[in-house]
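Colleague: model this:
(one chain, ligands or ions: 1)
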Amino acid sequence: MTRLWLEFTDPDLLGRASAAHVGRIVRRILDQAPVFRLALSGGSSPLGMFRHLTEPAIFPSELWSRTQVFFADERLVPPNHADSNFASASHHLLDRVPIPSRNIHRMPGELPPEDAALTYTRDLARSFGENGVPVFDLIVLGMGADGHTASLFPGAELPGGRHLVVAPVSAPSMPPRLPRLTLTPAVLDAARRILFVILGADKHAALRAIRDMASDVPAAKVDARSQSWYICPPLGAGQQPTEQPD
Ligand code: 6PG
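Modeller: Numbering: from 1, shown residues only. Reported below is the predicted structural model:
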């Protein structure tokens with residue numbers, strides 16, 4: 001696994017730099033392949049990146065038609081609900097770029113949990129094939145102060161193995177206290193690239209432990225082969241993790 005660790009003093013610089021990173025990845029992928037498959041997370045940290053991704057110089061307009069957008073997790077609410085990750089990504093990004101609506105794969109938060117998990121599993125199978133775990137080109141993840149990522153919370157056991165790729169999650173103890181749907185660790189680990197976008201000094205304790213390889217929170221356990229951590233504000237003192245060769 002390689003881990004790139006970048007710390008920023010200015011949230012907008014982080015948003016621009018992380019969006020530029022996505023732009024480099026999509027150009028490289030679509031030079032070699034017909035489609036770029038991306039999963040987005042909710043929360044506030046990625047919003048700056050989303051806004052910069054609307055800039056054609058960062059994400060060329062003509063590449064949206066070959067980009068398939070999925071979600072790493074979703075609150076089990078209707079798509080027009082204030083807490084919907086789909087609504088947030090649409091407002092800050094998807095409504096502002098020329099992506100065909102058929103390329104946007106919303107998690108059906110309006111359905112009962114098990115139905116939502118089955119429906120999204122089928123959607124993923126249509127895009128990635130029926131066999132095995134979907135392999136995303138890139139998954140954008142955030143992290144909470146407790147080290148959760150997507151809707152994988154510390155100590156919260158996912159339902160049994162019957163959910164290989166998408167699992168319903170009961171409402172966490174932190175706001176928004178809503179039941180969720182999440183990609184499972186198997187999908188996060190299979191991704192070709194993970195890009196963490198983490199804003200807030202309240203996350204520094206968890207980040208220090210992760211930096212020092214002394215943490216087993218869900219964000220620390222993501223085992224994807226290539227990870228880039230975009231962090232603001234800087235952690236300050238302490239050894240920057242080096243890139244570990246595969
Ligand atoms: C969600 C997100 C969640 C988020 C973290 C960090 O649905 O809420 O997917 O995992 O990334 O809670 O949220 P902030 O970026 O708002 O701190």
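Colleague: host element of Ile198?
Modeller: Per DSSP states H and E: Ile198 is located in strand 194-199.
Colleague: which residues of this protein lie near the ligand?
Modeller: In this structure, the chain approaches the ligand at residues 41-45, 73, 85, 142-144, 148-151, 200, judged by C-beta under 6 Å from any ligand atom. Backbone N, C-alpha and C define where each C-beta goes, glycine included.
Colleague: keep only those of the residues you listed that are in helices.
Modeller: Judged by DSSP state H, the residues of the chain next to the ligand include Asn85 as members of helices.
Colleague: and the residues of the chain next to the ligand, which of them are buried?
Modeller: Neighbour counting over the residues of the chain next to the ligand (16 or more other C-beta atoms under 10 Å) leaves 41-43, 45, 73, 85, 142-144, 148-151, 200 as the buried ones.
Colleague: before we move on, back to that, take the residues of the chain next to the ligand and keep only those in strands.
Modeller: Asp73 (DSSP state E).
Colleague: could you find the closest non-adjacent residue to Leu188?
Modeller: Here the nearest residue to Leu188 in space, its sequence neighbours aside, is Val222; by C-beta to C-beta, 6 or more residues apart in numbering that works out to 5.0 Å.
Colleague: hmm, back to that, give me the contacts around the strand holding Ile198.
Modeller: For strand 194-199, contacts defined as C-beta atoms under 8 Å, 6 or more residues apart in numbering pick out 11, 14, 18, 21-22, 44-46, 49, 138-143, 149, 188, 207, 219, 222, 224, 226-232.
Colleague: now the element after that strand, going C-ward?
Modeller: With secondary structure assigned by DSSP H and E, strand 194-199 is succeeded by helix 204-211.
Colleague: and that following helix, what's buried?
Modeller: His204, Ala206, Leu207, Ile210, Arg211.
Colleague: output the contacting helices and strands for the lengthiest helix in the chain.
Modeller: Taking DSSP H as the criterion, the chain has its longest helix at helix 11-32. Packing contacts for helix 11-32, counted by 3 or more C-beta pairs under 8 Å, 6 or more residues apart in numbering; DSSP states H and E, involve strand 36-40, helix 47-53, strand 138-141, strand 194-199, strand 226-232.
Colleague: can you state the direction angle for the first one and helix 11-32?
Modeller: Read it as strand 36-40. On the basis of axes from the mean of the first three to the mean of the last three C-alpha atoms, to 10 degrees, strand 36-40 is oriented at 150 degrees to helix 11-32.
Colleague: separation between Leu6 and Lys221?
Modeller: Relative to Lys221, Leu6 is positioned 21 Å away (C-beta to C-beta, to the nearest Å).
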